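K.L.:
heads up, no residue letters with this:
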């Protein structure tokens, strides 16, 4: 059973927003407080794309196929996960936390997991694949306590 002990950090993230929280009480009644907030402005892909998708010749006369354009919105989400991993590494290296719980949607959690430094990976005590960035702190505390009790 994973628990959010006193001093444990909790990262609540999605592709555009992240809350770095710290439990200041105990595992039975977590009191999560914001240590840091990170946000990025990430408009839809359509708003970020300047061109329509490209076309390429298929080899035959008058045969052309559409080529997928870069999905700038998704790319920004991946870069945000890299930025979060860098922040976590800097904080772990300074000794800001000994344990951390990662909470994010599956795609973001995977991107984050792939970019975490080993020093941070060693401090991860649980991962929860949920989107909680827009929930109030008291709901996050209850949801995490209950979810981690089931693990």
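P.N.:
Yep, that arrived. Keep in mind it's a predicted model, so treat the numbers as computed, not measured. Residues are numbered from 1 along each chain as shown.
K.L.:
what packs against the longest helix anywhere in the chain?
P.N.:
In the chain, ranked by residue count with DSSP state H as the criterion, the top helix is helix 72-93. Under the contact definition 3 or more C-beta pairs under 8 Å, 6 or more residues apart in numbering; DSSP states H and E, helix 72-93 sits against strand 9-13, strand 17-23, strand 32-39, helix 45-48, helix 106-115, helix 118-121. Every residue, glycine included, has its C-beta placed from N, CA and C.
K.L.:
can you pull the contacts of residue 29?
P.N.:
If you count contacts by C-beta atoms under 8 Å, 6 or more residues apart in numbering, residue 29 has none.
K.L.:
one more: the one 10 residues further on?
P.N.:
For residue 39, the residues meeting the contact criterion (C-beta under 8 Å, 6+ apart) are 16, 17, 18.
K.L.:
low pLDDT regions in the protein?
P.N.:
Judged by pLDDT under 70, the chain has its weakly predicted residues at 1, 41-77.
K.L.:
rewinding a little: list just the nearest of the contacts of residue 39 to residue 148.
P.N.:
residue 18 (19.3 Å; C-beta to C-beta).
K.L.:
burial measure for the closest one, as a count.
P.N.:
By other C-beta atoms under 10 Å, the residues close to residue 18 number 25.
K.L.:
ok, and the closest non-adjacent residue to it?
P.N.:
Take residue 18 and drop its neighbours on the chain: the residue closest to it by C-beta to C-beta, 6 or more residues apart in numbering is residue 38, 4.4 Å away.
K.L.:
for residue 91, see how far away the one you found is.
P.N.:
From residue 38 across to residue 91, the span is 12 Å (C-beta to C-beta, to the nearest Å).
K.L.:
and what of residue 151?
P.N.:
When residue 151 is compared with residue 91 (using C-beta to C-beta), they lie 24 Å apart.
K.L.:
which one's more surrounded, these two?
P.N.:
Between residue 151 and residue 91, counted using other C-beta under 10 Å, residue 91 has the larger neighbour count: 18 against 10.
K.L.:
OK, contacts around that one?
P.N.:
Residue 91 touches 9, 20, 97, counting by C-beta under 8 Å, 6+ apart.
K.L.:
shared neighbours of residue 38 and residue 91, anything?
P.N.:
What both residue 38 and residue 91 touch, as defined by C-beta under 8 Å, 6+ apart, is the set residue 20.
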